[in-house]
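Asks: predicted model, plus sequence, below.
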Amino acid sequence: MNGPSHPWPRWGVSRSQGTSQPWGVLQQQSVNEPQHVLQPGAVHHSDVSNQYQCLDEGLSRAELFSQATAVASMAMDLLNKFSRQKKAAEKKALSREQEAARLQGQCSALVEKVDALEACLALQNDVFPGFVEDFSRTPGHFGHTMPRGKSFRRSLAAKKRLAERRTPDVTFQEPSNASHARRGTGYRHAVQQWPISSLTGRSHKLVIPAESPDKKFVLLVGDSHLRAIADGFVKMPEGRLSFGIMSTPGGSAKDERIELVHAVVPRTPEAVCLLAPSNNLTASRTTDEAGADFAKLLRSACARWSNVVVLDFPPRFNMELQPQELLRQEFHRVAARMGVKYLSTAEHFPLDHPELWARDGIHLSDTVGMPILAQLLWTAAYKVSLIIKISVF
């Protein structure tokens with residue numbers, strides 16, 4: 001036998017029977033034959049013919065340990081191989097998921113761009129006849145220019161001529177103080193005391209909201225129509241826009257320009273929505289004078305900020321409509337000449353609803369009129385933000 005001897009054999013073979021049985025069984029079978037029983041620790045000799053033989057032919061412990069180590073090494077190699085294959089498969093699946101997410105993001109961006117284009121094209125109905133903003137003709141925004149026929153070019157030329165047509169120089173008149181002057185029936189809050197500006201001698205207030213990373217900052221510039229929003233009596237619609245207010249009650253275009261130029265705005269707004277100054281109905285003597293002052297205001301705003309949109313002033317309930325319409329046309333002509341978008345508001349304030357105005361007939365009511373104006377301001381800011389987004393895309 002090779003290897004160390006064991007205390008007792010684990011198996012025995014009977015040559016007479018030719019079978020292999022456990023030691024305990026052999027011991028029971030050889031109770032009456034003690035001479036054939038192998039005692040523990042006894043030396044076995046092969047010269048005895050009818051003697052049991054130990055078949056413990058196992059390898060040495062060193063060789064068994066070496067073989068076990070080799071088997072364990074092979075098992076670890078297989079385990080590492082399977083682990084590497086699993087990690088590679090997971091990495092490949094993750095890369096496929098990331099690629100799918102990237103493609104889905106690109107598709108979503110394209111869909112959003114198409115929606116923005118449709119919204120921008122729909123904005124043409126919000127301006128006066130004569131102001132055309134053909135996005136398909138803007139180089140760099142889209143891949144190609146849509147072919148147009150002669151009828152379209154003729155219509156475009158006619159609309160441009162209409163936009164360039166000068167309005168007659170009309171002298172404004174003070175609103176009537178007669179007993180039959182129209183008065184609103186809506187409610188307006190009590191006027192709060194504001195600081196007096198040393199530049200214009202008028203009340204002035206600048207409200208800047210807290211910075212929010214997920215909202216675009218939009219600055220509203222206007223007269224007393226923005227007072228209710230600045231004081232918090234009327235809330236702006238919720239959304240991804242945060243609004244700052246620069247209000248100069250009683251200020252004309254000249255006063256608003258002075259305040260705008262000297263205003264300290266802590267951060268650059270994404271867009272600036274300028275409310276057309278309705279106080280020029282009384283501050284200016286003629287439409288030409290009002291148009292010149294408004295052009296200076298608009299030019300200063302565009303020089304300081306790049307993204308400017310103009311929202312028409314709400315109609316006055318206590319004044320004739322003709323001078324208001326003439327001033328609107330003059331302001332619109334100035335904006336069109338400077339390439340600034342001008343959005344109308346008159347159709348949103350029908351004169352057969354006196355609850356839209358406060359009792360003075362000038363300002364809008366907090367409960368009915370001002371929420372409409374706030375929505376129009378939000379829509380104007382959202383439209384110009386869409387144009388910015390398309391330009392960047």
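Replies: Nice, I can see it. Residues are numbered from 1 along each chain as shown.
Asks: hang on, Ile245 is in a helix, isn't it?
Replies: No: going by DSSP: H, G, I helix; E, B strand; the rest coil, the assignment for Ile245 is strand, not a helix.
Asks: burial check on it, number of neighbours?
Replies: Residues contacting Ile245 under the criterion other Cβ atoms under 10 Å number 21. (Glycine included, C-beta is placed from N, CA and C.)
Asks: bridging residues for it?
Replies: For Ile245, the residues forming beta bridges with it (DSSP bridges) are Val207, Leu220.
Asks: who are the contact partners of it?
Replies: Residues counted as contacts of Ile245 (Cβ atoms under 8 Å, 6 or more residues apart in numbering) are Lys205, Leu206, Val207, Leu219, Leu220, Leu226, Ile229, Ala230.
Asks: for those residues, which one is nearest Ser300?
Replies: Leu219 (13.5 Å; Cβ to Cβ).
Asks: the residue nearest to that closest one when sequence neighbours are not counted and Leu281, how far apart?
Replies: Nearest non-adjacent residue to Leu219, counting by Cβ to Cβ, 6 or more residues apart in numbering: Pro269, 4.1 Å away. Separation of Pro269 from Leu281 (Cβ to Cβ, to the nearest Å): 28 Å.
Asks: assign a three-state SS to Met319, would you?
Replies: Secondary structure assignment for Met319 (three-state DSSP): coil.
Asks: can you get me a residue count around it?
Replies: Neighbours of Met319 (other Cβ under 10 Å): 21.
Asks: mind exporting stretch 82-100 as CSV, just the C-alpha atoms?
Replies: Extracted C-alpha coordinates of stretch 82-100, given in CSV (Å, rounded to 0.1, in the frame of the first residue of the first chain):
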residue,chain,number,x,y,z
PHE,A,82,-19.1,33.8,-15.9
SER,A,83,-19.0,37.0,-13.7
ARG,A,84,-17.2,38.8,-16.5
GLN,A,85,-19.7,37.6,-19.1
LYS,A,86,-22.5,38.7,-16.8
LYS,A,87,-21.0,42.2,-16.3
ALA,A,88,-20.4,42.6,-20.0
ALA,A,89,-24.0,41.6,-20.8
GLU,A,90,-25.3,44.0,-18.1
LYS,A,91,-23.1,46.8,-19.5
LYS,A,92,-24.3,46.1,-23.0
ALA,A,93,-27.9,46.2,-21.9
LEU,A,94,-27.3,49.4,-20.0
SER,A,95,-25.7,51.0,-23.1
ARG,A,96,-28.7,49.9,-25.1
GLU,A,97,-31.0,51.5,-22.6
GLN,A,98,-29.0,54.7,-22.6
GLU,A,99,-29.0,54.8,-26.4
ALA,A,100,-32.7,54.2,-26.4
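Asks: what's the average pLDDT for that stretch?
Replies: For stretch 82-100, mean pLDDT is 86.
Asks: and stretch 230-250, by the same measure?
Replies: On average, stretch 230-250 scores 93.
Asks: what residues sit buried inside it?
Replies: Buried positions in stretch 230-250, judged by neighbour count with 16 or more other Cβ atoms under 10 Å: 230-231, 234, 236, 241-249.
Asks: farthest-separated two in the residues you listed?
Replies: Leu241 and Pro249 (23.8 Å).
Asks: domain assignment for this structure?
Replies: 11-54, 61-123, 172-392 (automatic domain parsing).
Asks: comparing these, which stretch has the densest surroundings?
Replies: Highest mean neighbour count among those (mean count of other Cβ atoms under 10 Å): domain 172-392, with a mean of 18.
Asks: find the helix or strand that the residue lying closest to Ala381 once chain neighbours are set aside is a member of.
Replies: Distance criterion Cβ to Cβ, 6+ apart; nearest residue to Ala381, sequence neighbours excluded, is Val218 at 4.3 Å. Here Val218, judged by DSSP states H and E, is contained in strand 216-222.
Asks: now Ala70
Replies: helix 61-122.
Asks: ditto for Ser151
Replies: Residue-wise, Ser151 maps onto helix 150-164 under DSSP H and E.
Asks: show me where the chain has its helices.
Replies: 23-29, 61-122, 150-164, 227-230, 253-262, 280-283, 287-304, 321-338, 369-392 (DSSP state H).
Asks: want to throw those helices into TSV with distance to Gln192?
Replies: Below are the helices of the chain laid out as TSV (distance: least, Cβ to Cβ, whole Å):
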stretch	distance to Gln192
helix 23-29	108
helix 61-122	37
helix 150-164	40
helix 227-230	8
helix 253-262	18
helix 280-283	23
helix 287-304	25
helix 321-338	27
helix 369-392	15
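Asks: ok, the residue nearest to Tyr382 when sequence neighbours are not counted - contacts?
Replies: Distances taken as Cβ to Cβ, 6+ apart place Leu241 nearest to Tyr382, at 6.7 Å, with adjacent residues excluded. Listed by Cβ under 8 Å, 6+ apart, the contact set of Leu241 reads Lys215, Lys216, Val218, Trp378, Ala381, Tyr382, Ser385.
Asks: test my guess that the fifth one contacts Ala271.
Replies: Read it as Ala381. Yes: Ala381 lies in contact with Ala271 (Cβ atoms under 8 Å); the separation is 5.4 Å.
Asks: hey, what's in contact with both of the two?
Replies: Val218, Val309.
Asks: check what pLDDT Tyr3 gets.
Replies: Actually, residue 3 is Gly rather than Tyr. Looking at Gly3, the pLDDT reads 49.
Asks: kindly report the same for Asp115.
Replies: 70.
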